Each structure stands twice: as C-alpha cells, then as structure tokens.
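> Predicted model, plus sequence, below.
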Number of protein chains: 4
Amino acid sequence: MEHKNAIVLAMFGTTVEPALQGLLNIRTRMMENYPETPVKIAFTSNIIRKIWQDRAKDPTYSKAHPEIPEDVLHVKTVLATIADLQNVGYDTIILQPTHIAMGEEFLDLGTYVDSLMRMGTVKKKKYKPFHKVVLGRPALGTYGFDHPYAEDISAAAKALDKDLAMAAKENAALVYMGHGNEHFPSGGAYLELAHRMRERSPETVILIGNVKGFPSLEDVIDKLKLGGIQKVILKPCMVVAGDHAMNDMTGTDVEKPSWQMTLEKEGFEVITVKKGLGELDAFADIFVQHAADAAADADIVLK
Amino acid sequence: MEHKNAIVLAMFGTTVEPALQGLLNIRTRMMENYPETPVKIAFTSNIIRKIWQDRAKDPTYSKAHPEIPEDVLHVKTVLATIADLQNVGYDTIILQPTHIAMGEEFLDLGTYVDSLMRMGTVKKKKYKPFHKVVLGRPALGTYGFDHPYAEDISAAAKALDKDLAMAAKENAALVYMGHGNEHFPSGGAYLELAHRMRERSPETVILIGNVKGFPSLEDVIDKLKLGGIQKVILKPCMVVAGDHAMNDMTGTDVEKPSWQMTLEKEGFEVITVKKGLGELDAFADIFVQHAADAAADADIVLK
Amino acid sequence: MEHKNAIVLAMFGTTVEPALQGLLNIRTRMMENYPETPVKIAFTSNIIRKIWQDRAKDPTYSKAHPEIPEDVLHVKTVLATIADLQNVGYDTIILQPTHIAMGEEFLDLGTYVDSLMRMGTVKKKKYKPFHKVVLGRPALGTYGFDHPYAEDISAAAKALDKDLAMAAKENAALVYMGHGNEHFPSGGAYLELAHRMRERSPETVILIGNVKGFPSLEDVIDKLKLGGIQKVILKPCMVVAGDHAMNDMTGTDVEKPSWQMTLEKEGFEVITVKKGLGELDAFADIFVQHAADAAADADIVLK
Amino acid sequence: MEHKNAIVLAMFGTTVEPALQGLLNIRTRMMENYPETPVKIAFTSNIIRKIWQDRAKDPTYSKAHPEIPEDVLHVKTVLATIADLQNVGYDTIILQPTHIAMGEEFLDLGTYVDSLMRMGTVKKKKYKPFHKVVLGRPALGTYGFDHPYAEDISAAAKALDKDLAMAAKENAALVYMGHGNEHFPSGGAYLELAHRMRERSPETVILIGNVKGFPSLEDVIDKLKLGGIQKVILKPCMVVAGDHAMNDMTGTDVEKPSWQMTLEKEGFEVITVKKGLGELDAFADIFVQHAADAAADADIVLK
C-alpha cells in the first residue's frame, strides 16, 4: 500500500489580522519547500478558534476581509485537522509546531502524536489509521539525543542576524519580549539564545525577558542599567506580533503599563518593532528544517 | 467548565442504499432517546467511505438519490467524526459500535478510545481535548465484570423474539448468517446466542453459521439434517442486509454459490429475509441501552 | 550492545503439590528446547503466591517437601520475575502464558507487556529498560492475523490424540472440565476444540463443559443423553489437575456436588483422570511452540 | 481491600562509599518522617549497580566495609525495587527522585510510573497490580500547574542558606558545579536558582556552572572576573559528592584539568567543599516534602 504524506502546522493562533503574516510566512516557506505535500494549519487556542468560527459565519466579516485565507477562516483544532487528512487517505503526518520554546504546548502535542500512533488494529499493520505521525521540534529545540537543543539554539541565534544588524545600525541594545511561562522552566533556553547571539555580535547587548516567568522585565532593566544602556530596540521573541505585541509590549493602558511604557519611564529611548519572528524568512525556515528532520528521522520522504 | 456530550455511532457502513435502513433505524432510536444530544454516524470501512466520497462529489448521484441523508453522503471516519465534534466544543463522547459481536473492529475502537483519552495537557485537566470518551458494548456484549456478556446474549435472544415467532408461524428452522471471522474466536458468542434462543422457543431449531470461521454453513447443514429439517428461514445476523445478504446469502452466481443456493441444492426449502437486525426496533434498542450503560458507568448524564 | 534473552512462564499457579507436575513439565520442555536461555516461572494468583511465601518461611514445610523446587518455593509475580531479570541485565523477555484459552488473564498479561515496552528513555533506544518484551499465545490461540486461532485449535486437538485413544479404548465419551468464565466469551474456543477433536475421531463423543459460563455441565449432560452415552472419561481441560480437579471435578461434598457425583447420579459410569494437560508432552510443547513463534515474530533468536 | 503504601527513592547512585552520605541522609530523613512506611532505595545507573552486584558477591568487600547498609549492597533497579514491593502486597508507591533538576532521568521515571499505572485487569479495578504509583518532583521542580517550579526553586534557594552563610563568612563567591546535560535545556533552572539565592544574599556572588551544557565553567569565570572576585568556594550542586566531585571538581590530572585546577590557574583562591547537597538536612527535606506533595495530590495518606 502506498502511504500519503501531509504536513500540519500547529500554531497557538492569533485573531489579529496583520499578525497572521508571521504564521502564513511559515506556511508559505513550507509549501514552497514541499510543493507536492499538503500543508495544513491548525490553531490550538480554543478561544481564538471560536472567534474565527464566529467570523466564518458572519458574511460581513468575510466581505470586509477578503485577504483572509480560507484555511484561516475555517481553521480547526490539531486533532480535527489531522483527522480530516486521515478521512481522505493521508496516513503519514508531520506535525510541526511553530512554537519558540519547548513548553507546555509542545508537550501537549507530544501526547497527541503518541496517542494517534497508538490507534491500532488487530489486523495487519497496514490497516492502522496512521502509518506514522511525527512531531517536529520547536525553534529552540527539545530534549533528546539526535538533535541536541544547543545546536538548535545556535541555529536560531544565526537566524536572527538581521535583528543584530538592526541593533548595531541603531547603536541600541536589543530587548526581546519572550512569552515564557510559570509552568515550565523554559527561561534557560531564552538565556542561552541571548548568550549565543552575544557571541555573534559581542559589542551588542542582547536581553530576553518574558511576559511570564523568569527572567522578567525587571531582570532585563537591571542588566540594561548595569550595562549603561540608553537606547533599546524592543521586539517580540514570538512568531507573531499579535496580542502580546499590541498590549504587553506596546500598549498604552496606564493601569497596566506596557514594556514600552515601563522602559520609557525608566529613561530608555525605545524603538519598537512589531513584527513576529515568523516574518523573518531565516527564522521561518527553522520550522521547515525541523519538519524535514522529523520526516528524515522517521524515513519519510517529503516532496 | 461545562462539558458537552455527543454520541457517535461506529458502523462498518454499507453502499447498498436500502440496507442503510438497518443503520439509520439505530440512529433514529438513539436520537429519539436523547433528543438534546447530537448523534453522529461514522463508517469504519475505507472502501465504503471512498465510494460515498465519490458519490458526494457526483451531482447526478445526489439528484437520483434524494433519500440519502446528508450525514451518510458526507460520512467520515470515526476519528474525523469525533474530532469535528471536539473542534466545536464537545469534549465528552459516547462511542457506540453497532457491531454484533466483539471482534477485531470492536478491539480497534477500544484503541481509539484509549488513545483519545491519553491526549493530555500539562495544564489542569480541564484543558484536555476530551473530558471523557467511552465505548459502548457490541450487541452480544464484551469481556469485563460490570456487564457480563452472558446477560447481553440473553437480552439479544429476547430482542429476536419476532424472528422466533416468524419461524414458528412458518414451521421452519431459523438459520442466521453471521459474519464471523478468522482472526477472533467470536463463534462462541453466536453459539451461545442460538442456545439462549432455543431456551425461549424449545420447539424451534435455531442455528447460526458464519461467513468466515467457525461454525460454518457445513456445520449448520449437518445439524439441520440431524434434526430432520426440511424448511428454513434464512436471515442475516448482521445489522444491515447489505453486501453479504445480497451475495453470500442470496446471490445467484454458480461459480460462488450462495447459502440459499447451497441449502436448496441440499434439498431444503428456503425462505430468505433480507432485513438487517438493526431494522428490528427491539434489536436497535440494544445499542441505545449499551450507550446508556457506557454513559452511566462514566457518570455522564445523557439527555 | 548485546541483548540478553530470558523466558518467563506466566501461570495462575497451584498450591497442590502433585499438581505442580503440569506446570513443571512445561518448564522442563521449555528448558530442554532452549538450554542456553533462562526459563523462569511466575504465579499470577495473589492468594496462591501468599501461601507459597508462608511455606517458604516455614522450615518444617521445606523439610517435609524436599521435592519442591526452589523456584516454586520462592515464586514471584510476573512483574517481579521480569524485573529481577532486568536487574541483572536481561532486556529481552518472552512472556509465555500457560493458559488454555484467551481470557481475562491473557488480556491482563497483554497490558503488562505493553506497559513494559513503553518504559522509555529520552536517550538513545539502547538505554530503554527493555529491548523487547513479547507475549506468546495461550494454547487455543488468540486474535490477530499472523497466527489464526483456528490453526491453534486444530493443533491443540491433535495434541490431545492420546486422550482420544484412551476414550476409544474405554469405549467411553470424553468429557473435559474447562475453566471458562463469566467475563469473557471463551466458550466458543472450547466448542471449536471439541469440534476439531471429533473430526479426528468421529466415532467418539467429545464434550467440554465449563466450571463457569457457557457451556455448562447441564449442556454436557443434555448432549450425553441425546447421544445415548453410558460411560464417560472425565478429565480437566486445564494445565494442572489442582484445586478444580480435586473439588469441582471429583469432590465428595454433598452440599456442593462435584461433576463426578452429578454424572454418577445421572446414571453415567465415570472414569476420572486427574492429570493436567501440561503433563502431556504433546500439549506442553504447544507452549514451547508459541514461545518460539513469539520470539520469531519479533526477530529474537532463542537458543 | 486495604492498600499498602511504600516509598522508593530513585537515585543515580554512586560507588564512592563516603558519598553515600548524601543519599543515605535523604533516606533517613524520609524514614523519620514516615516511620510506618517502608522506604526503599534504587539506583538507576546500570554501571554503578553492576559494581555493587560484584561487591555483594565478594566476601572480602563486605568484611572491609561493614558500614555499607544491606540495601545499598543489594540495591536494584527502580523497576525491580517496585516489583519486589508489589510481590509482597504493596500496591501504592510513591517514587521520589533525588535528582536536582528535571532532566532526562526524571522524564524516564515518568514513563515508568505511567507504564506501571497502565498495567490493568479486565476485572474490577481492585485487581490491578498497582492502585497508585505517583512521582515526586526533583529538587528544582518540574512543569505543571499544581506546584509551580518557580516556587520550588525559591524553596531550594532557601534550603541553601547555610552555603550562603559560609560564603559570607569566607568573604568568597559561591561557585556550584551542577551536572547539566546536552540533551535537555536544564540550564535555566540553575540560573534561576542562582538568581533567587542572590535575592537572599545580595552582597554575595553566586554562580552555577555545569559539567555538561550551558552555562559552562568558562561562563562562570567570565562573570567572576567581571565581578572582580578573588576567592571562591567551590561545591557540587549535586546530591552526592561522588565521582564528579572527586574528578571534575577537584581532580589533579593535568591532562584533564579539574575546575579547581582551572580556577586556580586563572588566579582565584579556591576553597573546595566535598559535600553533597543531600547531606544538608534542609536540602534533603525538599525530597521529603516533594514525596509528601505527590502523596497528598493523589489522596495517599503516608504515615
């Protein structure tokens, strides 16, 4: 029996239309690399998906937003996206997350892949619903022997050279807003990323703080002051410049001061860059490479 | 968080339009019993589903068959049917097979349920894709302590009283064609069913042979002769009177003689009944009851 | 890294010393076949194991029973027996049940094997606690494609030719007492076994009843009468002639009449054979063959 | 049925006799806290266990080392230790790792616990081999919602106050040698620990480098120089002061310079402390607390 391959991009998702660029660019790079393989997107956020479901039912929305692709308007869960492929005969799935760091969402996807592969048959193996379901690594890598996370972090550092060049040109420190979280010690990956970027551009101060968890904006400010910095470029260390970029990073709510407001209050000159990392081709290509690795590790030939 | 329940009926499926009655009657009885709960059907056979997918794309088919319900025309796999429910917020699924005996298909569905329940999150449990996915028993029951299979067989025997009455009226032996298989010793359940039916109508000879595996048509014929039988009612012991009923049971191909041809050649008078067991309300209600049990065992309140 | 193989025989166990022959003969046949591979026994019954643990602590017992082998006296659970092998470097385990039919105990062992194989490492595969753990089939086979259960039943029928010869010599019907159960429809396998035995010796009446579940002793008696039988050989269809053979089969308690008592009361002449099937080399060799198959299917070379 | 609880401490293990103090102190603290519950130790390292197995067989070793406890001399794998408990009726196991950070070994233990809990029975739940098997957190916590890892890191920082006092007294920087690894981005947990310790003693420079992975000794030296440090206390950030403490930390091999040699060559005055963190009661008690949490989360009452 011939197996049929498909790629599913697992994204948290966004409701901010311009922010979709960060996601769609990853999709486009993947499609261009594998022109013969279907590439589907799926959103993991229930809240975001619900909003898109409502928009899909609202004819005025579609009329007002002709630029929104069909697969965003009708985006489904990861499971439903994979199952729709299975329903029409695709039995080999590369599930590629578009997350930055290994955190709770990546682990959740791991349980999906594991579960789908356990759907079996008492009959011969060829009747299993899935031949192979494999999971690609997030941008900053994951645990395991075959692809040391440290190499992934070095590759990610290289993919951000354009940001380093921008900082050098502006003679500014580069401050990234990472997502972070309180349920998984992902801070180390961000710190190691900044460390590897500094090796590529020793004269630039590069710092990553997280919206949630360690290291925080306060830690970033302490180090900016220690380094005598006056001017910073502030950019999300996220694939999209969505809700966090609009509110936590550059919002203007005095009750809930944004990073920009806090940094400016502390006396820094702040240049904000509202672009997701997914919009950088070099960074988007990390996900293409990780999908390629996941396929190759499982002897899947993607075309 | 409020949980949302749905029922999925897992069927092998059929492409024979009139045979759909056996499946749709089960669906109708289930819907009538649980008017507030969505009841979806799914076909497990890849070949049958493919034929329906082709028919769905063919406008002349739909025009010629206005009686085919939408959910048959666009029927999906079990996984895709469940995933579509999950995509719109249903997190509690009763998966009810419409199979007669515990065999390979039932075991396969067990791996599905098991796998879906293992899809987890590192976050609180409420974020799991599924709150509960439970599997109902096939008509003749399954292993385990809570619902002894012997009681299920007795209940199935009772649900077939109309067939016994028909045999008594015709003064004929009742011969069922079961599916059977060569990969699972399900023959015992059929033999025990016939045994329990004989207890309900001791003067009637009741025999079940299988298309595949033990006991075979030859075993049935041996016993008919031993009992001095001359007239038999021949009926499928399957939920639908589909392909097997048309070909294996009543076909007219001399190269591949049907049961009817063989029995007539052996000198028996044969009355064929091309109706699936699912068309008997009493039998269809077994699946309604088994879904109710599966829900109750898991503290799910179906409405 | 070199892998090390071991065989574990999973037995319900017995506390009846002479009955151990049925188990030890299987162990001996296995050892003779694979002289370079450790063969360990494990008892699944908590109650039986507890009794052996008490006996092991009691010096008077050991003195009175010098014939009891060390590995019976200190017998452990299946898990502990496998884990002790893993502790000293065996990473490849053939777990061979000594059960007659696929029932609850066989399914339980399946979850053990499945679980042990899921113990993993994030490191390279060679660090997994187990390289391979595979499960052999019970005597009457199991579901699945590779080894059709019907062929196993035919092979078992052939292995019982000595019993057929004994019945022919005595001009008696052969009545086996099977274990059976109320939680798994295993009756069919017994009925099919009797069917295949009858094919080998058409003039002998062969019937199998179960202590629990279908078919019962009453069913057996009905058929004996139908066949006009006067003399029966009564023998356990179990690997050991232990507690069931002593009490349910040949006991003398009037409050709880044994099969022998009931048959004699019904007017049959009864010859009892208190030997387990495991004592027949041809039957013991079924388990040796099933272990060989399980190993071969997994590309394990047993020596 | 009454359930019986036991605690198993999973340790990498050590062959260095004096280093056992770090492990045995954790065992003692646990035993004192739960005097009615068996506390067993298990070593995960195959190489280390093999050495102990050889020592156990060598009568001269036992004679020369009367101080070695029986449960070290005959130490088994985690699986065999748990299985031996199951063999004698313990069905509820708290598996408490004695690891510092969540890394590959902790994830491996997670697959063990998961697998043991999946060993089931088709019978009622009470016949499952294990009622509950739960896994405690490593010292620096793990992912998940119920016990935020950041709180664990803060608690660990507090447990190291004695080390801070020692550094203050000596007017030295405190440099810990962590294990780290190249397969799991655990570096962040160490960096966050150092951060929290600095908050408790702002005037002390506290740095953690790893034998493997980020951050390295070079990173530590860079920061020591940046801070103008001249004197350091060097101590393992490991539960035992074993092989790493003897060789990587304080070894004298010029071909493979130890941290002490490197630091001294760089001009620092170095005070080495060859004590494992497990020897500090406050740190050992972290594992007692994590076992208590794991039990409480699963409604297990430890006594």
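That came through fine.
> Every contact and neighbour count from this point should use C-alpha atoms.
Will do.
> Could you report the neighbour count for A:D297?
A:D297 has 11 neighbours, counted by other Cα atoms under 10 Å in any protein chain shown.
> per-residue pLDDT, it?
On pLDDT, A:D297 comes in at 94.
> same question, A:P185
If you check A:P185, the pLDDT there is 69.
> Could you list the low-confidence segments of the stretch 1-150 of chain A?
Low-confidence segments of the stretch 1-150 of chain A (pLDDT under 70): A:1, A:121-126.
> Near chain B, which residues of it? Just list them.
A:50, A:76-77, A:79-80, A:83-84, A:86-88, A:104-105, A:107-108, A:111-112, A:115-116, A:118-123 (Cα under 8 Å from any Cα of the partner chain).
> Just these: which are in helices?
A:50, A:79-80, A:83-84, A:86-87, A:104-105, A:107-108, A:111-112, A:115-116, A:118 (DSSP state H).
> part of a strand, is A:L9?
Yes - looking at A:L9 with DSSP: H, G, I helix; E, B strand; the rest coil, it is inside a strand.
> What number of residues are in the vicinity of it?
So A:L9, with other Cα under 10 Å, has 25 neighbours.
> Now list the buried members of the residues of the stretch 1-150 of chain A next to chain B.
Buried members of those, counted by 16 or more other Cα atoms under 10 Å in any protein chain shown: A:50, A:76-77, A:79-80, A:83-84, A:86-88, A:104-105, A:108, A:111-112, A:115-116, A:118-123.
> Quick check: which element contains A:Q96?
Here A:Q96, judged by DSSP states H and E, is contained in strand A:92-97.
> err, A:A282, not the other one
helix A:281-297.
> wouldn't A:I286 be in contact with A:K158 here?
No - the pair A:I286 and A:K158 fails to qualify as a contact (Cα atoms under 8 Å) at a distance of 10.5 Å.
> So the two - more neighbours on which side?
Shown here are A:I286 and A:K158; by other Cα under 10 Å, A:I286 has more neighbours (22 against 18).
> Show the contacting residues for the residue lying closest to the more buried one once chain neighbours are set aside.
With Cα to Cα, 6 or more residues apart in numbering or on different chains as the criterion, A:I286 has its nearest non-adjacent residue at 6.3 Å, and that residue is A:A139. Neighbouring residues of A:A139 by Cα atoms under 8 Å, 6 or more residues apart in numbering or on different chains: A:98-101, A:152-153, A:156, A:286-287, A:290.
> Neighbour-wise, give me the winner out of those residues.
Going by other Cα under 10 Å, A:T98 tops the contacts of A:A139 with 29 neighbours.
> quick one: that one and chain B, what's the gap?
A:T98 sits 18 Å away from chain B, going by Cα to the nearest Cα, to the nearest Å.
> Can you get me a residue count around the closest residue to that residue other than its chain neighbours?
Spatially, and ignoring its direct neighbours in sequence, A:T98 is nearest to A:M11 (5.6 Å; Cα to Cα, 6+ apart). Look at A:M11: counted by other Cα under 10 Å, it has 20 neighbours.
> likewise A:C237?
Considering only other Cα under 10 Å, A:C237 is surrounded by 23 other residues.
> May I have the phi/psi pair for it?
phi -100, psi 60 (degrees, to the nearest 10).
> now the one 10 residues further on
According to degrees, to the nearest 10, the main-chain angles of A:N247 amount to phi -100, psi -60.
> which residues of the stretch 101-250 of chain A fall in helices?
A:104-118, A:149-159, A:161-170, A:187-200, A:217-226, A:243-244 (DSSP state H, counting those that start in this stretch).
> So the spatially closest residue to A:T111 that is not a sequence neighbour versus A:G144, what's the distance?
Nearest residue to A:T111, sequence neighbours excluded (Cα to Cα, 6+ apart): B:M119, at 5.2 Å. Distance of B:M119 to A:G144, computed by Cα to Cα, to the nearest Å: 21 Å.
> Please apply the same query to A:K57.
From A:K57 to A:G144 the distance is 43 Å (Cα to Cα).
> Looking at those two, which is more packed in?
A:G144 (16 against 12).
> does A:V239 really touch A:I100, like I thought?
Yes - contact criterion Cα under 8 Å: A:V239 and A:I100 qualify, at 7.2 Å.
> any shared contact partners between the two?
With Cα under 8 Å, 6+ apart, A:V239 and A:I100 have no common neighbours.
> Can you give me the pLDDT of whichever residue of the stretch 201-303 of chain A sits closest to chain D?
Ranked by Cα to the nearest Cα, the top residue of the stretch 201-303 of chain A for proximity to chain D is A:F214, at 7.0 Å. Note on A:F214: pLDDT of 87.
> what about it, neighbour count?
There are 26 residues near A:F214, going by other Cα under 10 Å.
> just the one 10 residues further on next, same as before
Taking other Cα under 10 Å as the neighbour definition, A:L224 ends up with a count of 21.
> and A:S45, what is it in contact with?
By Cα under 8 Å, 6+ apart, the neighbours of A:S45 are A:12-13.
> Look up phi and psi at it.
phi -80, psi 120.
> how close does it get to chain B?
Counting by Cα to the nearest Cα, the gap from A:S45 to chain B is 10 Å.
> Repeat that for A:L217.
25 Å.
> One more: A:P215?
Distance from A:P215 to chain B, by Cα to the nearest Cα: 21 Å.
> and the closest residue to that residue other than its chain neighbours, how many residues sit next to it?
Of all residues not flanking A:P215 in the chain, A:G209 sits nearest, at 5.2 Å (Cα to Cα, 6+ apart). By other Cα under 10 Å, the residues close to A:G209 number 26.
> Let me see the contact set for A:G209.
A:175-178, A:215-217, A:219-220.
> Repeat the analysis, applying 6 Å as the threshold.
By Cα atoms under 6 Å, 6 or more residues apart in numbering or on different chains, the contact list for A:G209 reads A:177-178, A:215-217, A:220.
> Relative to B:E255, how far out is it?
77 Å.
> Wait, a strand at A:I41?
Yes - per three-state DSSP, A:I41 lies within a strand segment.
> give me the number of residues near it?
25.
> quick one: it from chain D, how far?
Applying Cα to the nearest Cα to A:I41 and chain D gives a distance of 27 Å.
> Not counting its neighbours along the chain, what's nearest that residue?
A:I41 sits nearest to A:L9 (Cα to Cα, 6+ apart), 4.7 Å away.
> List the contacts of the one you found.
So A:L9 contacts A:41, A:96-97 (Cα under 6 Å, 6+ apart).
> Fine by me, thanks again.
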